[in-house]
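Engineer: next input, structure requested:
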Amino acid sequence: MTQIARRRNPRGVAPGTIALTRAKVIALAAAAPLLGAAAWLWPEVPHWRPGGTASTQASSVTYLPRPLACPASGTGPRTGIAIIGDSHVAGGRMGEEGTPFGAVLESALGGEVPVMLSGIGGGTAADGERRWRGRDLGRGRDLGRGRDLARPGLVILAFGTNDAAPRGWLRDKTPVALTDFKASLTRQITHWRTRGHDVVLLAPPPGGSAAITGRLEPYRMATREVGEALGTAVLDPADSFAACPSAQPVLVRDALHLNARGHQCLGTWLAHQFCPPTG
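Structural biologist: Model (predicted):
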């Protein structure tokens, strides 16, 4: 009898062990789809922190074909800055306690360089182009001083976040084709240059999850490519975030919009890029 048992189970493995192994295989097979779904969804999870969301690290797309000029102060022609863009410019979703980065920029420049903000939530580059087609910037709003901005010397264009539709499958939006995005930026640069304004591009900021930043990255690179093609400076908010204390998040809980700290970082950093402190 012993010899017969050994023939049927030559290695002497207990029958219960074989059954247990099969159960594990079945359990792993059942869990595989769940594990795959979790791995697929993981990049969408924001880098939430106390007080907001940390920005995903991203390679800089800053491009400076020549040193930036410090904008002229005063209220005459070709003085001040106009910033045209989306909800980042308007300070959307930030909360009442914060200040848009454009106003922070004006304050950091000592209040002597007026700054006009023209930002609309959800706006793409094409939306901004339609809004300003055939128009000039005369008598724009001068933040904080109640004066008219006669003719700003510098125009900052800040688009790309909405063009990228960075929420992906979480939102029913379609990304703008990169060729269309670049063409719109090119036309806007030409539009403002022919009217006597200097132009700087502000790249879309990286988001607060790997997936969001991944969808934004082609538009960040496209912004730089347009800058390189036209000899237009490109400034990257990612550089300003890197200069901020890493323990403090720069985005709100939606992992996309800047919080008060993010606006403070960006506005102060921009001031230093245009008018570096001396001494």
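Engineer: could I get the full set of strands for the stretch 51-200 of the chain?
Structural biologist: Assigned by DSSP state E, counting those that start in this stretch, the strands in the stretch 51-200 of the chain fall at 52-53, 81-85, 115-119, 140-141, 148-149, 154-158, 198-202.
Engineer: by how many degrees do the last one and strand 81-85 diverge?
Structural biologist: If I follow you right, that is strand 198-202. Strand 198-202 runs at 40 degrees relative to strand 81-85, counting by axes from the mean of the first three to the mean of the last three CA atoms, to 10 degrees.
Engineer: I'd like to know which elements strand 198-202 is packed against.
Structural biologist: strand 154-158, helix 178-194, helix 210-230, strand 233-235 (3 or more CB pairs under 8 Å, 6 or more residues apart in numbering; DSSP states H and E). Where C-beta positions appear, they are placed from N, C-alpha and C, glycine not excepted.
Engineer: what's in contact with that strand?
Structural biologist: Under the criterion CB atoms under 8 Å, 6 or more residues apart in numbering, residues 68-69, 83, 85, 153-158, 185, 188-189, 192-193, 223, 226-227, 232-235, 237 lie in contact with strand 198-202.
Engineer: buried members of those residues into ChimeraX, please.
Structural biologist: Remark: buried members of the contacts of strand 198-202, expressed as a ChimeraX selection using 16 or more other CB atoms under 10 Å:
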select :68,83,85,153,154,155,156,157,158,185,188,189,192,223,226,227,232,233,234,235,237
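Engineer: now mean pLDDT and distance to residue 260 too, for the strands of the stretch 51-200 of the chain, in CSV please.
Structural biologist: As requested, the strands of the stretch 51-200 of the chain are exported to CSV (pLDDT from 0 to 100; distance: least, CB to CB, whole Å):
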stretch, mean pLDDT, distance to residue 260
strand 52-53, 94, 9
strand 81-85, 93, 18
strand 115-119, 90, 16
strand 140-141, 46, 21
strand 148-149, 52, 25
strand 154-158, 96, 18
strand 198-202, 97, 19
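Engineer: now those in TSV, with distance to residue 106?
Structural biologist: Listed next are the strands of the stretch 51-200 of the chain as TSV, based on distance: least, CB to CB, whole Å:
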stretch	distance to residue 106
strand 52-53	24
strand 81-85	8
strand 115-119	4
strand 140-141	12
strand 148-149	11
strand 154-158	12
strand 198-202	15
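Engineer: which one of these lies nearest to residue 244?
Structural biologist: Across these, residue 244 has its closest neighbour in strand 52-53 (11.9 Å, CB to CB).
Engineer: what does that closest one rub up against?
Structural biologist: If you take CB under 8 Å, 6+ apart as the criterion, strand 52-53 is touched by 46, 47, 208, 249, 250, 251, 252, 253, 254, 255, 259, 261.
Engineer: residue 60: neighbour count?
Structural biologist: A count of neighbours around residue 60, defined by other CB atoms under 10 Å, yields 15.
Engineer: doesn't residue 236 make contact with it?
Structural biologist: Yes - contact criterion CB atoms under 8 Å: residue 60 and residue 236 qualify, at 5.0 Å.
Engineer: thought residue 163 was touching residue 183?
Structural biologist: No - between residue 163 and residue 183 there is no contact, the gap being 11.6 Å when judged by CB under 8 Å.
Engineer: neighbour-wise, which of the two wins?
Structural biologist: Neighbour count, other CB under 10 Å: between residue 163 and residue 183, residue 163 has more, with 28 against 15.
Engineer: picking up where we left off before, just the buried members of the contacts of strand 52-53?
Structural biologist: The neighbour count (16+ other CB under 10 Å) marks 46, 47, 208, 249, 250, 251, 252, 253, 255, 259, 261 as buried among the contacts of strand 52-53.
Engineer: and the first one, what pLDDT?
Structural biologist: According to the model's per-residue confidence, residue 46 sits at a pLDDT of 90.
Engineer: tell me the contacts of it?
Structural biologist: Residue 46 touches 53, 208, 209, 212, 253, 254, 255, counting by CB under 8 Å, 6+ apart.
Engineer: now the two most distant members of these.
Structural biologist: 212 and 253 (13.0 Å).
Engineer: where does pLDDT dip in the stretch 1-150 of the chain?
Structural biologist: Low-confidence segments of the stretch 1-150 of the chain (pLDDT under 70): 1-20, 23-42, 75-77, 96, 138-150.
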